[in-house]
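Visitor: Turn this into a model:
(one chain, ligands or ions: 2)
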Amino acid sequence: MSAKIIDGKAFAANVRGKVADHVAHLKEVNGITPGLAVVLVGEDPASQVYVRNKGKQTVEVGMNSIEHKLDASTSEADLLALIDQLNNDPEVHGILCQLPVPDHIDADKVLAAISPAKDVDGFHISNVGLLGTGQKAMVPCTPLGCLMMLREEHGSLSGLNAVVVGRSNIVGKPMAQLLLRDSATVTIAHSRTKDIEEVCRRADILVAAVGRPEMITGDWVKPGATVIDVGINRIPNGEKTKLVGDVHFDSAVEVAGAITPVPGGVGPMTIACLLANTVTACCRAHGLEEPEGLTA
Ligand SMILES: NC(=O)C1=CN([C@@H]2O[C@H](COP(=O)(O)OP(=O)(O)OC[C@H]3O[C@@H](n4cnc5c(N)ncnc54)[C@H](OP(=O)(O)O)[C@@H]3O)[C@@H](O)[C@H]2O)C=CC1
Ligand SMILES: Nc1nc(=O)c2c([nH]1)NC[C@@H]1CN(c3ccc(C(=O)N[C@@H](CCC(=O)O)C(=O)O)cc3)C=[N+]21
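Guide: Ligands and ions are numbered 1, 2, ... in the order given. The predicted structure follows:
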């Protein structure tokens, strides 16, 4: 039997709709327009696409989009000075510095410089610590988007076996924290995990965040499991290229109960959650009630 395909694009449109409603409310009732600043250093073509999409969707939901495109040779000091300026700008409620940054810039220093209250990526150690201790945090967008889809699919995640493949700070680890918070039994697998296929086959919920095109095939998937494919990999396809996930979709779809496609799965949800986090940050900054269903 073929799995249900989770429509991340439609789900994201729904989230953006809720964001737009709340933005309209903030403007009308409070006279506040949430603002998102996105900083891009250098000219990585994939990053340029994301930044363009983010800017477009930010404006579509009624928020202000502030874009800073800096030359690849920008010094760390100049980047930190810009972040300081954005931290102190009352019109800016969310700040995102697109990763990766060029080698001469220390990404950890940049993330630490962003005010935790404006850290809509949820990468600042304050937010990492708050999430890890079950306190109110800014939650990283990609794992938040995955959690929203999983809650919709399962209702409660309590007691389910969840396996996250990948232990990065931006996806794997926060994903595991969120699943744990929803009372799933969580395993984190990575490049040193023994019998990884066997570990994956125990998962009711399998989240792939590896960065290896189509590594996880149908025979790694427990029949009926929900598979969330975070991977975004561009691979050659004849003369052109195509986007594939970390899951081999055609084989996994035959075994899983539900699965996210690439493209059209986690990617659009990431951007929708960035907008959701920006509204949340704006409400917190002004001591206003937060929108429902847009946080973890
Ligand atoms: N859809 C979206 O919005 C987003 C998508 N992505 C995509 O998600 C993927 C993961 O991103 P990210 O977390 O940043 O990647 P990283 O490269 O930071 O982390 C990859 C993780 O996968 C593990 N890994 C690598 N090879 C294997 C293997 N053969 N077997 C098991 N585990 C392995 C690594 O293990 P170890 O730690 O042992 O090295 C590491 O923990 C990428 O394709 C990226 O493009 C990322 C962010 C957002
Ligand atoms: N500080 C920071 N925060 C991030 O959240 C961040 C980042 N840096 N660096 C890069 C990764 C990657 N990322 C994606 C966002 C949207 C899509 C997306 O919308 N994907 C579409 C397709 C896009 C296409 O066609 O290329 C989809 O999957 O359907 C993908 C990937 C956010 N990231």
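Visitor: got the contact list for the residue nearest to residue 204 when sequence neighbours are not counted?
Guide: Distance criterion C-beta to C-beta, 6 or more residues apart in numbering; nearest residue to residue 204, sequence neighbours excluded, is residue 160 at 4.3 Å. C-betas here are computed from N, CA, C, even on glycine. Residue 160 sits next to 154, 184-185, 204-205 when contact means C-beta atoms under 8 Å, 6 or more residues apart in numbering.
Visitor: now those residues: which count as buried?
Guide: Those of those that meet the buried threshold are 154, 184-185, 204-205, by 16 or more other C-beta atoms under 10 Å.
Visitor: which among those gets closest to ligand 2?
Guide: residue 205 (19.5 Å; C-beta to the nearest ligand atom).
Visitor: so how far is the least confident helix or strand in the chain by mean pLDDT from its chain's centroid?
Guide: Between all helices and strands in the chain, the lowest mean by mean pLDDT, DSSP states H and E belongs to helix 45-60, at a mean of 91. Relative to its parent chain, helix 45-60 has a centroid offset of 14 Å by C-alpha atoms, centre = their mean, to the nearest Å.
Visitor: For it, buried residues please.
Guide: 47, 50-51, 54, 57-58.
Visitor: Tell me the one of those residues nearest residue 242?
Guide: Closest to residue 242 out of those is residue 50 (17.3 Å), distances taken as C-beta to C-beta.
Visitor: For the stretch 1-150 of the chain, which residues are neighbours of ligand 1?
Guide: Residues of the stretch 1-150 of the chain that fall close to ligand 1, judged by C-beta under 6 Å from any ligand atom: residue 142.
Visitor: Kindly report the residues of the stretch 1-150 of the chain close to ligand 2.
Guide: 49-50, 53, 96-99, 121, 141-142.
Visitor: Return the subset of those lying in strands.
Guide: Secondary structure from DSSP state E places 96-97 of these in strands.
Visitor: Buried ones from the residues of the stretch 1-150 of the chain next to ligand 2, can you make that a PyMOL selection?
Guide: Buried subset of these, written as a PyMOL selection, criterion 16+ other C-beta under 10 Å:
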select buried, resi 50+96+97+98+121+141+142
